[in-house]
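Novice: need a structure here:
(one chain, ligands or ions: 1)
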Amino acid sequence: MEIDDRKYVWHPFTQMQDYEKEEPLIIESGNGCILTDIYGNEYIDGVSSLWTNVHGHRKKALDIAVKKQLDKIAHSTLLGLSNVPAIRYAKKIVEIAPKGLTRVFYSDSGSTAVEIALKIAFQYQQQAEDGNPEKKKFISLHNSYHGDTIGSVSVGGIDLFHSMYKHLLFESIKAESPYCYRCAFGKSYPGCNFECLSGLEEIMSTHANEVTAMVIEPLVQGASGMLLQPPGYLKKVRELCDRYNIFMIADEVAVGFGKTGKMFTCEHEDVAPDIMTLAKGISGGYLPLAATLTTEKIYKGFLGKYEEFKTFFHGHTYTGNPLACAAALASLKIFEEEKVLDKLQAKIEHFKQRLQSFKALDNVGDVRQCGIMVGIELVADKDTKEPFSTGKRIGQRVIKEARKHGLIIRPLGDVIVLMPPLSISIDELDRLCDITYEAISLLIGG
Ligand SMILES: *Cc1c(COP(=O)(O)O)cnc(C)c1O
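Specialist: Reported below is the predicted structural model:
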């Protein structure tokens, strides 16, 4: 199995030259928060199988929902036809989504959900009655991540992933990221008076006539290392978007479905975006599914006689797949029936207590937590915040050490990410913290 993995599979975001030299870890099964490899070794799934698996593996209600749907039909197209689970889920998600989001456009990954959001925001301006064809550009934040397709990379702000493709991308306007630990303005919250927002306002006022939308990951910039926006930031962004007549696209692909303690992260600041993207946790981590939600106003901008060509000419083959929608529907039912978010609050608090001790470790520069999403930033020098040299691969070494002790996690550079399933028990959460703490102390000293 290992030989064939090395021989045939090209892994994403992975330097295969290194991978080919290492013993691969091959997962065969899972149950709850535990993953089991082909030799029967067990591991805690410390990042929810890349931020997707919110209720744990082999969740009975999800297994049943998918099997039941399988007995009816696995796939039929949503292009010009409809299917039962896609309708039911669209109704349900609109009921619980932030106010004003009334229409659901399906796709199959976070990247496509964002791609769709961008195209909708662009096309709206070209053809809607109150559109403005000059508004063609997008604002996004430094350190942002919105996916890997060309459109979503164009609004991305992580040089390591994105700069290689710069000649393929459309231009987008970047505003400073509220990365408080390394504030671009040398300020600290709350004394900073949101200097980063003054910069954003300047950009908006200068470019209001050419910008259709701002894309933002609400509260947590996930892929750049769990960077947290200070309280009040998101609400101010909403206000600025309103002031300058710019659509707000909330990319909830990472933060949606309970990971920050509420179903949708925009709820923390009572914000309703014009467009919202959902993926990752949407199907409980079972099947690829994504949704782009829009307001009625935006939807109406696409109505007209066929020959006016206002149609949204976009759709992926597996759009609204019935199996995936059945899983997503069952996932929402679990949230409701098992009071997942109520039970989560005590776990978030416990996690917070346990993370306190990490701050005392010599090379832990910053510990960031929002709900069940955690980033532990490791630095060579705590006083100067100097990072480790890239060649040291500290993050990689920490997670390899953790793996030896039964925990699977994945770093973002030198930020150790913890993001267990919402269903994790307190005991498992303790083990996750113990193993991570030991791995960090062992590798870089306490
Ligand atoms: C993961 C992620 C995406 C991309 O999702 P894929 O399913 O990997 O295409 C987009 N936006 C955010 C905020 C993400 O975290």
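
Novice: When you work out contacts or count neighbours from here on, use the C-alpha atoms and nothing else.
Specialist: OK.

Novice: For stretch 122-134, the averaged confidence score.
Specialist: The pLDDT scores in stretch 122-134 average 97.

Novice: got the CA coordinates for that stretch in PDB?
Specialist: What follows is stretch 122-134, C-alpha atoms only, in PDB (Å, rounded to 0.1, in the frame of the first residue of the first chain):
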ATOM      1  CA  PHE A 122     -19.200  41.000 -11.000                       C
ATOM      2  CA  GLN A 123     -22.100  40.100 -13.300                       C
ATOM      3  CA  TYR A 124     -24.600  41.900 -11.100                       C
ATOM      4  CA  GLN A 125     -22.900  45.200 -11.800                       C
ATOM      5  CA  GLN A 126     -22.800  44.600 -15.500                       C
ATOM      6  CA  GLN A 127     -26.600  43.900 -15.900                       C
ATOM      7  CA  ALA A 128     -28.700  44.800 -12.900                       C
ATOM      8  CA  GLU A 129     -30.900  47.800 -13.100                       C
ATOM      9  CA  ASP A 130     -29.000  49.600 -10.200                       C
ATOM     10  CA  GLY A 131     -25.700  48.000 -11.200                       C
ATOM     11  CA  ASN A 132     -22.700  50.000 -12.300                       C
ATOM     12  CA  PRO A 133     -20.600  48.400 -15.100                       C
ATOM     13  CA  GLU A 134     -17.500  50.300 -13.900                       C
END
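
Novice: Now do that stretch: everything it contacts.
Specialist: With contacts defined as C-alpha atoms under 8 Å, 6 or more residues apart in numbering, stretch 122-134 is touched by 135-137, 209-212, 298, 300-302, 310.

Novice: Would you format these as JSON lines with secondary structure included?
Specialist: As requested, these are arranged in JSON lines below (DSSP: H, G, I helix; E, B strand; the rest coil):
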{"residue": "135", "secondary structure": "coil"}
{"residue": "136", "secondary structure": "coil"}
{"residue": "137", "secondary structure": "strand"}
{"residue": "209", "secondary structure": "coil"}
{"residue": "210", "secondary structure": "coil"}
{"residue": "211", "secondary structure": "strand"}
{"residue": "212", "secondary structure": "strand"}
{"residue": "298", "secondary structure": "helix"}
{"residue": "300", "secondary structure": "helix"}
{"residue": "301", "secondary structure": "coil"}
{"residue": "302", "secondary structure": "coil"}
{"residue": "310", "secondary structure": "coil"}
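
Novice: So for the helix or strand residue 439 falls within, what gets flagged as buried?
Specialist: Assessed by DSSP states H and E, residue 439 sits inside helix 426-444. Buried residues in helix 426-444, counting neighbours by 16 or more other C-alpha atoms under 10 Å, are found at 428-429, 431-433, 435-441, 444.

Novice: could I get these as TSV with distance to the ligand and pLDDT?
Specialist: TSV is the format used below for the buried residues of helix 426-444 (distance: C-alpha to the nearest ligand atom, whole Å; pLDDT from 0 to 100):
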residue	distance to the ligand	pLDDT
428	24	98
429	22	98
431	26	98
432	22	98
433	23	98
435	25	98
436	22	98
437	25	97
438	28	97
439	25	97
440	25	96
441	28	94
444	28	79
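
Novice: That'll do, ta.
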